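# here's a sequence, model it:
(2 chains)
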Amino acid sequence: MKYKIQVILIATFFLALSVYAWVKPADKISDSELRNLAQFPEVNKEKLLDGSFMSDFESYTLDQFPLREEFRTVKAITSLYVFRQLDNNGIYIEDGYAVKMEYPLNTGNVSYAIGRMQNVYDKFIAGTDAKCYISVIPDKNYFLADEHGALALDYETLFETVQHEAGFAQYIDITDLLNIEDFYCTDTHWNQVHIADVADRLAFGMGAETDNDYTINTVNVPFYGVYYGQAALPMKPDTMQYLTNDAIEAAVVTDNQNGVPMSVYDESKMSTRAPYDLFLGGSLSMITIENPMAATDKELIVFRDSFGSSLVPLLISGYKKITVFDIRYLPGDRIGYFTEFTDQDVLFIYSTSVLNNGNSIK
Amino acid sequence: MLFSSIPFLFYFLPVVLICYFAVPRVAKNVVLFLASLVFYAWGEPRFVIVMLASILIGYLSGIFIEKAKSKNTKKLFLCIGTVLCLAGLAYFKYVDFFITAFNSATKLSVPLLKVALPIGISFYSFQIISYLVDVYRGDTAAQKNFIKLGAYIAMFPQLIAGPIVRYSDIEKQLTDRKQNFEQVAEGIKRFIIGLSKKILIANVLGEFVDKFRAIQEPTVGFYWIYAVVFSLHLYFDFSGYSDMAIGIGKILGFTFPENFNYPFISGSVTEFWRRWHMSLGSWFRDYVYIPLGGNRVSKIKWVRNILIVWALTGFWHGADWTFIIWGLMFALLLMLEKTPFGKLLKKCKPLAHVYLLAAIILSFVIFNANGLGQMAADFKGLFGGAGIPGWNEQTGYYLRSYAVVIAMAAVGATPLPKLLVNKIFKNKENKTVNVIYSVAEVVFVLGLLIVCTSFLVDGSFNPFLYFRF
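Below you'll find the predicted structure:
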C-alpha cells in the first residue's frame, strides 16, 4: 500500500507537469530576459535526418517549459543560497545590486578599442583645432567586487592603459564622483539623476558650462533592468527617472541613422525590450542635437556607448550643437562622411565593460 | 537523447511509460524495442542502421552458433560475429587513431576519415559479444525472437552508458518479468537520485572543470583542485547515469547489475576496480582475462595477461594514447599490489586510502587529458614544473564558490549519507516511523525532481561524459 501511494503521488506530479508542458501555448518573448523564445521547430526530412529538428526541439522545450521563470528562480536560489556559490550564471547580488562579473582584464581588447579611437583621430581630427578628451565609466564591479569577494578587472591597469595609449586626448577622471548608489539595482547602467556632477566635471574639463537647474521626471512603469532576468532572483524593479531643463526641453534632435526627428527622452521605450533606450533612442549610430537656447557657439562630438546616451542630455545646455556617434555600429573610418572636424570638443567616453570587450568597436 | 534533458523527462519517458503499461504483456517488448530505436534515432538518426545491423549480426550469429554441429563450426560463427562487431567498433571508434599512428610510424600522411562515433557503440558491441560467447559456451540458448534480442541490445535505459548488461542476466526477464508497486517505487526513487547526482553535482562540478580549462592564469593549487573535482565529477556523472539506468530498468520490470559501490572508499586499486564500473571490469575478467589464462599461468604470462587486459580497458574508454597509458597505469599498480607493498597496504589502512586516492586522482588527470601534450602539461602544472604561481585570487574565488558542492560530492561519494538515513529511520518497523519515512521519501524525491528541473530549464551545460565511449 505504501509503495502504491508513493508511485501514485510521484507519477501524478510528473504526469501533470508533462501534460502541462505539452498543452501550454508557446510564449513569444521573455520579458525578464529581453529575448525571443524558441518556437516549435519546422519538421521536414532534412532537419530530421541531420538532427537539427531534435536540437531545435530541445531549445523549444527549454524556452517554453511551464513556470519557466519560477523554475529559474528555484535554480538561482539553490545555487546562491544552498550551494553557496558566489555567482549564478556570472551574476552576483551584493547590497541589493545585481552585478555581472567582468574578468579578467583583456588589455589587448582595451588597446584595440583605443586603437580604433586613435584611427578616428588620425584620419579626421589630427591637424584641426578640435580638442579631444577621453573618460572611462567604471562598471558596478568596481564598487562591489571587493566586498563580495568577486573577481574583477584590474581597474588600475585599465585606467593607466587608457591614459597611456590615448595620448591624443586629455583624460578626465570621473571615478571619484561615482559610487554604487549611482547605478540601478537591476541594470548595468547608471541612473541619470545621479550623474549631474559627472556631466559638470566633463563640461568643466572641456571648458563648457552647463545649466544645473534640473527637474526630476519619474516614469510610472517599473524598470526591470537587464540583470533582473539573468539573475532570476526575486528583486524589486528599479524606478526610471530622467532630468530635464530648459535646454533639454527645447533641443531639436535628429536620428541621422534613419533621417527622422526624435526626442531626447522617449517614455514609450519603457514598454520595449530595451527600456534604457528611453535615453536618446538607445543604440543609434548617429544623432545630432541642436540647442536653440545656446549662449555659445561651442560644438561637441561624442563617441559613446549606452552609458553616454543618458549623459549627453546633461551636456546639451553647454553647447550649440552636439553630434553623437556610436562606432560600434558605424565604422570609425566613415565618420568623415558625416561630420567635419574643425574646432569642436571631441569626447570619447566608454564603460569599462565595452573597453574590455573592445573588439565591438569598429 | 539524454536522460537529463527536458525532452526525455517530460516528453519521451511519460509517453513510453504510458504505452508500455497500457499494452498487454506480450507486446511490451515491441514497445520497448521501438521506443529504444526512437530514443537512439533522436540523437543519431543515421546510426540506427548501424544499430539494426549490429542486432542482426548478433541475432544470426547466435542462431548459427547454436545450430552448428561441430565445435569448429560453432567457433567459426563465433569468430565471424565477434569480428564483425569489433570491425564496426574499430571503424567507427578507432580508425582515425590507427591512421594517425600509422602516419606517425611511417612518416606518411594518409588522410583521416573523421568518422563520427555512433553513441553507445562500445556498450552494445560488448553486449553482443558477450551474448555470442555465452551461446558458444552453452551458458545460454540463442534467442530466436528478433524483437526480444533487439529489445535487449537496444534497450534505451542502458544503451548509451551502461551498465553493460549481459544477456544471461536478463534472459528470463525478457520473457517473463514481474512488476509490482514496490519495484516501480524503488525504480522511480533510484532514477531521481541518479538524475540529481548528474544534474546537481556532476554538472555543477563540470562547470568548475570547464572554468579550469578556460582560465588564462592557472596555479598549482588550481591544478590540484581540478584533479580532485574532476574525479568527483566523473564519478557522479557516470554513477548517476548508472543509477538512472537501473531505476528505469526497475520501472520496466528489469533488474540490471550494479555498476558502482562507493569506489573512493577502497584501500587498493584492486578493490577500486571491484567497485568502479563493475560491469566493465567483470566483462573483461570473464571474456578476456580468464580466457587468456587468468592468474593460473606462469608469472610471465600472468604479467602479459594483466597488461593486455588493462591496455584494452584503457583503449575501450577512448581512441587516444592517454587512455592506453591510463589503463597500463592500473596494470602496474595492480601488479605492485601483488608484492609486499600490497601487504603493507592491508596492514596500514590510512596509508592505503591516501595511496588509493592519490593514484585515482592522478589517473583521472591522464584520463581527461586531450592528448599526450595536455597530459604532460597537466602533470607539470600539478607538480610545479610549469613555472606558474602556487595560488592566486582566481583560484581562491573558484574554490570558495564551489566549496559546498565539492564537500557535498566528497561526502556523497561515501556510504555516510545512507548510513545517516538508516540511523535516523532505524526503527522502520514502527508504524509511525514508517509513515514519516514514506512521506519524507516522497517529499524528498519530488523536491529533487523540482530542483533538477529548475537546473535543466535554466542551464544549457549538460553533456554526458561517457557518451564518447
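# how about the helices in the stretch 101-250 of chain B?
Using DSSP state H, counting those that start in this stretch, the helices of the stretch 101-250 of chain B run over B:121-137, B:146-154, B:167-175, B:181-196, B:203-214, B:220-252.
# make a markdown table out of the ones you listed and add mean pLDDT.
Listed next are the helices of the stretch 101-250 of chain B as a markdown table, based on pLDDT from 0 to 100:
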| stretch | mean pLDDT |
| --- | --- |
| helix B:121-137 | 93 |
| helix B:146-154 | 94 |
| helix B:167-175 | 90 |
| helix B:181-196 | 96 |
| helix B:203-214 | 94 |
| helix B:220-252 | 96 |
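# ok, for residue 180, nearest residue in space, not its chain neighbours?
Let's take chain A. Nearest in space to A:Ile180, with sequence neighbours left out and distances taken as Cβ to Cβ, 6 or more residues apart in numbering or on different chains, is A:Phe143 at 4.0 Å. Just so you know, the C-beta spots here come from the backbone N, C-alpha and C atoms, and that holds for glycine as well.
# was after chain B, sorry
In this structure, B:Asn180 finds its nearest non-sequential neighbour in A:Tyr3, 7.6 Å apart by Cβ to Cβ, 6+ apart.
# now whatever helix or strand the one you found lives in: buried residues?
If you go by DSSP states H and E, A:Tyr3 is part of helix A:2-23. Using 16 or more other Cβ atoms under 10 Å in any protein chain shown as the test for burial, helix A:2-23 gives A:Tyr3, A:Gln6, A:Val7, A:Leu9, A:Ile10, A:Ala11, A:Phe14, A:Leu17, A:Ser18, A:Ala21.
# ok, the second one to B:Val184 distance?
Pointing back at A:Gln6 there. As judged by Cβ to Cβ, to the nearest Å, A:Gln6 and B:Val184 stand 9 Å apart.
# do the same with the first one
Counting by Cβ to Cβ, the separation of A:Tyr3 from B:Val184 is 7 Å.
# surely B:Asp237 touches B:Lys198?
Yes - distance between B:Asp237 and B:Lys198: 6.2 Å, which falls inside the contact criterion (Cβ atoms under 8 Å).
# now stretch A:271-288 - C-alpha only, PDB.
Output in PDB follows, covering the C-alpha atoms of stretch A:271-288 (Å, rounded to 0.1, in the frame of the first residue of the first chain):
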ATOM      1  CA  SER A 271       7.500  49.100 -22.700                       C
ATOM      2  CA  THR A 272      10.000  47.700 -25.100                       C
ATOM      3  CA  ARG A 273      12.700  45.000 -24.500                       C
ATOM      4  CA  ALA A 274      15.300  47.800 -24.000                       C
ATOM      5  CA  PRO A 275      13.900  50.300 -21.600                       C
ATOM      6  CA  TYR A 276      17.200  52.200 -21.300                       C
ATOM      7  CA  ASP A 277      16.600  53.200 -25.000                       C
ATOM      8  CA  LEU A 278      14.400  55.900 -23.400                       C
ATOM      9  CA  PHE A 279      17.600  58.000 -23.500                       C
ATOM     10  CA  LEU A 280      18.400  59.300 -27.000                       C
ATOM     11  CA  GLY A 281      16.700  56.300 -28.600                       C
ATOM     12  CA  GLY A 282      19.300  53.800 -27.500                       C
ATOM     13  CA  SER A 283      21.700  52.200 -29.900                       C
ATOM     14  CA  LEU A 284      21.600  54.600 -32.800                       C
ATOM     15  CA  SER A 285      24.800  55.100 -34.800                       C
ATOM     16  CA  MET A 286      24.500  58.900 -35.200                       C
ATOM     17  CA  ILE A 287      22.300  61.600 -33.600                       C
ATOM     18  CA  THR A 288      22.600  65.400 -33.800                       C
END
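# sheet-wise, list the partners of the longest strand seen in chain A with their directions.
Using DSSP state E, we find that the single longest strand of chain A is strand A:215-223. As defined by DSSP bridges, the strand partners of strand A:215-223 come to strand A:238-244 (antiparallel).
# which outside residues touch the strand it pairs with?
For strand A:238-244, contacts defined as Cβ atoms under 8 Å, 6 or more residues apart in numbering or on different chains pick out A:184-187, A:191-193, A:196, A:214-219, A:221-225, A:264-265, A:270, A:275, A:278-279, A:310, A:313-314.
# make a PyMOL selection of the buried ones in those residues.
Buried subset of the contacts of strand A:238-244, written as a PyMOL selection, criterion 16+ other Cβ under 10 Å:
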select buried, chain A and resi 184+185+186+187+191+192+193+196+214+219+221+223+224+225+264+265+270+275+278+279+310+313+314
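# state the distance from the residue nearest to B:Asn180 to A:Tyr224.
46 Å.
# where does B:Ser266 fall, phi/psi-wise?
Torsion angles at B:Ser266 (phi, psi; degrees, to the nearest 10) stand at phi -60, psi 160.
# ok, it - contacts?
B:Phe272, B:Arg274, B:Arg275, B:Leu356.
# what residue ranges in the stretch 1-150 of chain A score low on pLDDT?
Along the stretch 1-150 of chain A, segments meeting pLDDT under 70 span A:32, A:34.
# quick one: contacts for the closest residue to B:Ile248 other than its chain neighbours?
Closest residue to B:Ile248 apart from its sequence neighbours, by Cβ to Cβ, 6+ apart: B:Pro157 at 3.9 Å. If you count contacts by Cβ under 8 Å, 6+ apart, B:Pro157 has them with B:Met244, B:Ala245, B:Ile246, B:Ile248, B:Gly249, B:Leu252, B:Phe254, B:Phe256.
# the fourth one is in contact with B:Glu186, isn't it?
No - with contact defined as Cβ under 8 Å, B:Ile248 does not count as touching B:Glu186 (11.7 Å).
# who's more crowded, those two?
More neighbours surround B:Ile248 than the other of B:Ile248 and B:Glu186, with 24 against 18 (other Cβ atoms under 10 Å in any protein chain shown).
# just give the nearest non-adjacent residue to the residue of the stretch 151-300 of chain A found nearest chain B, would you?
Using Cβ to the nearest Cβ, the single residue of the stretch 151-300 of chain A nearest to chain B is A:Leu151, 5.1 Å away. Closest residue to A:Leu151 apart from its sequence neighbours, by Cβ to Cβ, 6+ apart: A:Tyr103 at 4.0 Å.
# for the one you found, grab phi and psi.
Dihedral pair for A:Tyr103: phi -170, psi 150, per degrees, to the nearest 10.
# please name the residues that touch it.
A:Tyr103 sits in contact with A:Leu151, A:Ala152, A:Leu153, B:Gln394, where contact means Cβ under 8 Å, 6+ apart.
# go with 7 Å
Shown in contact with A:Tyr103 (Cβ atoms under 7 Å, 6 or more residues apart in numbering or on different chains): A:Leu151, A:Ala152, A:Leu153.
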